[in-house]
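1. after the sequence you'll find the predicted model.
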Number of protein chains: 2
Amino acid sequence: MSANGVVERVAAGDVRAAARLMRDLDDGLPAARRHLQALFPRTGRAYVVGLTGAPGAGKSSLTDRLIAHYRKAGLTVGVVAVDPTSPFSGGAILGDRIRMQDHALDEGVFIRSMATRGNLGGLSRGTAEVVQVMDAMGKDVVIVETVGVGQDEIEVAQLAHTVVVVSVPGLGDDVQAIKAGVLEIADVFAVNKADREGADRTVRDLATMLELRKSAATREVLEHDDLHRIRRTSSTDPHDQGFWEPPIVKTVAVRDEGVGELVEAIARHRRHLDDTGERRTRDVARARAGFLALLREQLLAGALARLGAEGSHLDAIAARIAAREADPYALAEELAARLRR
Amino acid sequence: MSANGVVERVAAGDVRAAARLMRDLDDGLPAARRHLQALFPRTGRAYVVGLTGAPGAGKSSLTDRLIAHYRKAGLTVGVVAVDPTSPFSGGAILGDRIRMQDHALDEGVFIRSMATRGNLGGLSRGTAEVVQVMDAMGKDVVIVETVGVGQDEIEVAQLAHTVVVVSVPGLGDDVQAIKAGVLEIADVFAVNKADREGADRTVRDLATMLELRKSAATREVLEHDDLHRIRRTSSTDPHDQGFWEPPIVKTVAVRDEGVGELVEAIARHRRHLDDTGERRTRDVARARAGFLALLREQLLAGALARLGAEGSHLDAIAARIAAREADPYALAEELAARLRR
């Protein structure tokens, strides 16, 4: 099929063409990369919602219910499940298959799992690419479901306009403690399984943490610096119009309780981003990170090609470094300098 | 202090010099980088154990007990806690402070938390650097404690000689399902809190998964390819001498039960790596990944300096990309090509 054919079909929302393109991207086919490039001007319209939290928090059930709410509102939805425990990913080996299948025949819903192929690494670029394809397909909302704390969560914060952190009562103090780490990325908190004992305590704990943060009168914004490091860059007075106080919404996804409120909280955050100009700020930060990733990759590919042409082999270099016969710092500097000449 | 002073003191195991160096590395001071470079020839001796698993699995208690066992055997120990829920990291806001403090006065133990400074991103390089400093200090064993599934776990697999995946009964099916994702990186399984109901089921589930994998007669090894992607590279017959079947050890860390068995399982895996030559393979893979990370960084720094000298600003480029006025793929390619000329 011609490049144009693929691009046109994906842009027209063709599910098979999009799925094929995602597979080809995953396989690293250069043609797929060119198609993504051709689709780039058609991206930037989807609203990206990140959904993250500990395993067992019911993120997939919540995603399922969010899909239903958005569909009822006439919106098309893409879902990227980076979560290996998600039923989308076939991960719930011992668990029940939840209702996702309801959406399987709905053409307005496109679901892609990033965890089925045993490709544990490289989620970062892959996820961003899949979001781009769904965006180009014309999906109004793209939900990115990730599990855990750490890198994956940071990445979802880079990718999403609104990050929903899902908590659940009774997972123990350790899990509550995680929130200290995610406070900086949460735009909305959902306390799911809120019919369980301890739900009010979970809400109270979250509220306390938010109060502490507010009284510190600082608001942290994640941003990339040039060397791909995330750090705090700005602080804002909580009395400013620009200050967003993450709402805490109680939900019981399996009974569809509180999901309307969650949808409303996401919509309010979206309006906040628009009103304050922060949506543009986030889009620019994302563009910057994406460009730097591409640049890094291009530069490295060039450097490795040069090494190869010179008959140096990366494996041999690595073996010498491992044996402490070579200094990786000096080698990297020298090679980089040589490439600049 | 002269560079030599720092290097000599760290190499002599000086805790204050090492802590200072780690802080300076974290702050990105160029001098710190040069010290790390000077310490490089003194690294490569520590045995690195990764400890990973869901929040609430009791990883920190287990780490605490492992420290005690290694100390009793006369070994010095370094601990890097990348886990924001770890008491090492001051993360257990609501939880109890566990016994780690016992080790605070022990000069043979050096503990460093990577999660206290609000620096959510960049854990990858930072963690590898801290491990290197501990290695250069002469620590016999370095334990890297991480939480979650996803990127962080992948990174621990790249860093560690032996990866211990900690499970716990009763965290629900979702959590069990995670193991499908970590099967590839686990060298040893610990089922902690094994006095809880359901421990035997957890062990059985793990054993079943290992059996399924074994009957597929393939063994997956994680390795980097040139573009920093992790993938399966080799498969081995389970009847081969080179096949390692991850043992499953039941532990109750808070009562110090089963910890001796865990130490023994790690030791057996270590012997296995030595006997099969795989320790060297892992060390080379790690050297390769480290070198590529350094190279990528050098190249990017050079490219950004060039952009700046030309009066192009990354922020302006990002804004044009975000507005879909510029094509990031073409820009990255063009800049990389220009730098190679």
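-> Everything's here; your move.
2. A:L292 contacts B:L300, correct?
-> Yes. Using CB atoms under 8 Å, A:L292 is in contact with B:L300, at 7.0 Å. All C-beta spots, glycine's among them, are computed from the backbone N, C-alpha and C.
3. more neighbours: which of the two?
-> A:L292 (23 against 20; other CB atoms under 10 Å in any protein chain shown).
4. right, is the helix or strand hosting that one up against chain B?
-> Using DSSP states H and E, A:L292 sits within helix A:278-309. Yes. Counting by CB under 8 Å from any CB of the partner chain, contacts between helix A:278-309 and chain B involve A:280, A:283-288, A:290-292, A:294-304, A:306.
5. cool, and stretch A:331-341?
-> Yes. Interface with chain B: stretch A:331-341 contributes A:331-333, A:335-337, A:339-340 (CB under 8 Å from any CB).
6. buried stuff in that stretch?
-> Neighbour-count burial for stretch A:331-341, counted by 16 or more other CB atoms under 10 Å in any protein chain shown, picks out A:331-333, A:335-336, A:339.
7. pLDDT weak spots in chain A?
-> Along chain A, segments meeting pLDDT under 70 span A:1-4, A:83-105, A:115-125, A:148-154, A:171-182, A:215-241, A:341.
8. after the helix holding A:L292, which helix or strand is next? Please name it.
-> helix A:314-322.
9. returning to what we had before: which one of the buried residues of stretch A:331-341 is nearest to A:D205?
-> Checking the buried residues of stretch A:331-341 against A:D205 by CB to CB gives A:A332 as the nearest, at 45.4 Å.
10. do you know how far that closest one is from B:A322?
-> 31 Å (CB to CB, to the nearest Å).
11. give me the residue at the spatial middle of chain A.
-> A:V156 (2.7 Å; CA atoms, centre = their mean).
12. give the contact list for that residue.
-> A:50, A:52, A:82, A:144, A:146, A:163, A:185 (CB atoms under 8 Å, 6 or more residues apart in numbering or on different chains).
13. next structured bit after the host helix or strand of A:V7?
-> Taking DSSP H and E as the definition, one finds A:V7 inside helix A:3-11. Helices and strands here follow DSSP H and E; after helix A:3-11, the next one along the chain is helix A:15-26.
14. name the residues of that following helix that are buried.
-> Neighbour-count burial for helix A:15-26 [16+ other CB under 10 Å]: A:17-18, A:20-22, A:24-26.
15. Serialize the residues you listed to CSV and add fields for distance to B:D274.
-> Shown next, in CSV, are these (distance: CB to CB, whole Å):
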residue, distance to B:D274
A:A17, 51
A:A18, 48
A:R20, 46
A:L21, 46
A:M22, 42
A:D24, 42
A:L25, 40
A:D26, 36
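16. quickly name whichever of the residues you listed is closest to chain B.
-> A:D26 (10.4 Å; CB to the nearest CB).
17. the closest one reaches A:G126, doesn't it?
-> Yes. A:D26 is in contact with A:G126 according to CB under 8 Å; the separation is 6.2 Å.
18. quick one, strands of chain A?
-> For chain A, applying DSSP state E gives strands covering A:47-53, A:77-81, A:109-113, A:141-147, A:162-167, A:188-191, A:222-224, A:230-232, A:248-250.
19. the last one - contacts with which helices or strands?
-> Right, the one you point to is strand A:248-250. Judged by 3 or more CB pairs under 8 Å, 6 or more residues apart in numbering or on different chains; DSSP states H and E, strand A:248-250 is in contact with strand A:188-191, helix A:199-215, helix A:259-276.
20. for the second one, buried residues please.
-> I take that to be helix A:199-215. Here helix A:199-215 shows A:199, A:202-203, A:205-206, A:209-210, A:213 as buried, counting by 16+ other CB under 10 Å.
21. would you check that A:V284 makes contact with B:A318?
-> Yes. Under the criterion of CB under 8 Å, A:V284 makes contact with B:A318 at 4.9 Å.
22. name the residue in those two with the higher neighbour count.
-> The neighbour comparison of A:V284 against B:A318 (other CB under 10 Å) goes to B:A318, with 23 against 20.
23. surely the more buried one meets A:R282?
-> No. Using CB under 8 Å, B:A318 is not in contact with A:R282, being 11.3 Å away.
24. I'd guessed A:A57 sits against A:A194; true?
-> No. Assessed by CB under 8 Å, A:A57 is found out of contact with A:A194, at 11.4 Å.
25. the two - which one has more neighbours?
-> Legend: neighbour count by other CB under 10 Å for A:A57 and A:A194, higher for A:A57 (26 against 22).
26. angles on the backbone of the more buried one, please.
-> Phi and psi for A:A57, reported as degrees, to the nearest 10, are phi -80, psi -10.
27. could you report the distance from it to A:N192?
-> With CB to CB as the criterion, A:A57 and A:N192 are 6 Å apart.
28. repeat that for A:L66.
-> Counting by CB to CB - A:L66 and A:N192 are separated by 12 Å.
29. which of the two has more neighbours?
-> Shown here are A:L66 and A:N192; by other CB under 10 Å, A:N192 has more neighbours (30 against 25).
30. where does that one fall, phi/psi-wise?
-> Per-residue torsions, A:N192: phi -90, psi 170 (degrees, to the nearest 10).
31. same thing with the one 3 residues further on?
-> Phi and psi for A:D195, reported as degrees, to the nearest 10, are phi -90, psi 0.
32. quickly list what's touching both of A:A57 and A:N192.
-> Counting by CB under 8 Å, 6+ apart, the shared contacts of A:A57 and A:N192 are A:166-168.
33. which single one of the residues you listed is nearest to A:V7?
-> The closest of the shared contacts of A:A57 and A:N192, once distances to A:V7 are taken by CB to CB, is A:V166, at 35.6 Å.
34. need the nearest residue in space to that closest one, chain neighbours excluded.
-> Leaving aside its chain neighbours, A:V166 sits nearest to A:G53 (3.4 Å; criterion: CB to CB, 6 or more residues apart in numbering or on different chains).
35. I figured that neighbour hits A:V165, correct?
-> Yes. When contacts are counted by CB under 8 Å, A:G53 is listed as touching A:V165 (5.7 Å).
36. for the closest residue to A:A319 other than its chain neighbours, give me its contacts.
-> Nearest non-adjacent residue to A:A319, counting by CB to CB, 6+ apart: B:V284, 5.3 Å away. B:V284 makes contact with A:315, A:318-319, A:322, according to CB under 8 Å, 6+ apart.
37. ranges for the helices of the stretch 51-200 of chain A?
-> A:59-72, A:123-137, A:151-159, A:173-182, A:199-215 (DSSP state H, counting those that start in this stretch).
38. could you dump the buried residues of stretch A:331-341 to CSV with distance to A:L273?
-> Shown next, in CSV, are the buried residues of stretch A:331-341 (distance: CB to CB, whole Å):
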residue, distance to A:L273
A:L331, 44
A:A332, 39
A:E333, 41
A:L335, 42
A:A336, 38
A:L339, 40
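39. returning to that earlier point: how many neighbours does the residue nearest to A:V166 have?
-> A:G53 has 30 nearby residues by other CB under 10 Å.
40. and the one 10 residues further on, by the same measure?
-> Residue crowding around A:T63 was assessed by other CB under 10 Å; the count is 29.
41. that one reaches A:V80, doesn't it?
-> No. Assessed by CB under 8 Å, A:T63 is found out of contact with A:V80, at 10.2 Å.
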